[in-house]
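# here is my input; please provide its structure:
(one chain, ligands or ions: 1)
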Amino acid sequence: MLIKKIALMNECSICGDDFEGMGNNPDPINDGRCCDKCDCLVVIPARLMQLGVGIHAAIGVGRKDYALRKALIRERETGIPSRA
Ligand SMILES: [Zn+2]
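From the prediction side, this is the model:
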């Protein structure tokens, strides 16, 4: 079981932390794959800013998305519905 878990781990091309699963496309920040945290707090805001969204709004969208993803993961792990 441990071997199976290790095989699913990948390294984020932005922050270098390990993450489980497929990860996310880090374009336009980097190549490879990135973790959810970098996707929400770096990549999504960068893409929104490329579209002309202001930095504060772009970061706000990314932070909201990250909170939602964390709530969904917690809900899946605990079986307790989140209020987010
Ligand atoms: Zn990362």
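
# neighbours of residue 23, how many?
18 (other C-beta atoms under 10 Å). Yep, even glycine has a C-beta here, placed from its N, CA and C like the rest.

# that one against residue 14, yeah?
No: contact criterion C-beta atoms under 8 Å: residue 23 and residue 14 do not qualify, at 10.1 Å.

# pull up the overlap in contacts between those two.
34, 35 (C-beta atoms under 8 Å, 6 or more residues apart in numbering).

# residue numbers of this structure in contact with the ion?
Residues of the chain lying close to the ion by C-beta under 5 Å from the ion are 12, 14, 15, 35, 38.

# and residue 61, how many neighbours?
16.

# check what pLDDT it gets.
pLDDT for residue 61: 98.

# ok, now residue 5?
Per-residue confidence (pLDDT) for residue 5: 55.

# same question for residue 80.
At residue 80, pLDDT is 88.

# check contacts around it.
Contact analysis of residue 80 by C-beta under 8 Å, 6+ apart lists residue 74.

# now it, what are its backbone angles?
Backbone torsions for residue 80, taken as degrees, to the nearest 10, come to phi -90, psi 120.

# cool, residue 77 as well?
According to degrees, to the nearest 10, residue 77 has phi -70, psi -40.

# residues near it, how many?
Neighbour number of residue 77 under other C-beta under 10 Å is 8.

# what's the answer for residue 26, then?
Using other C-beta under 10 Å, residue 26 is surrounded by 20 other residues.

# which residue ranges of this structure form strands?
Here the chain has its strands, by DSSP state E, at 9-11, 18-20.

# partner strands of the last one and their direction?
Meaning strand 18-20. strand 9-11 (antiparallel) (DSSP bridges).
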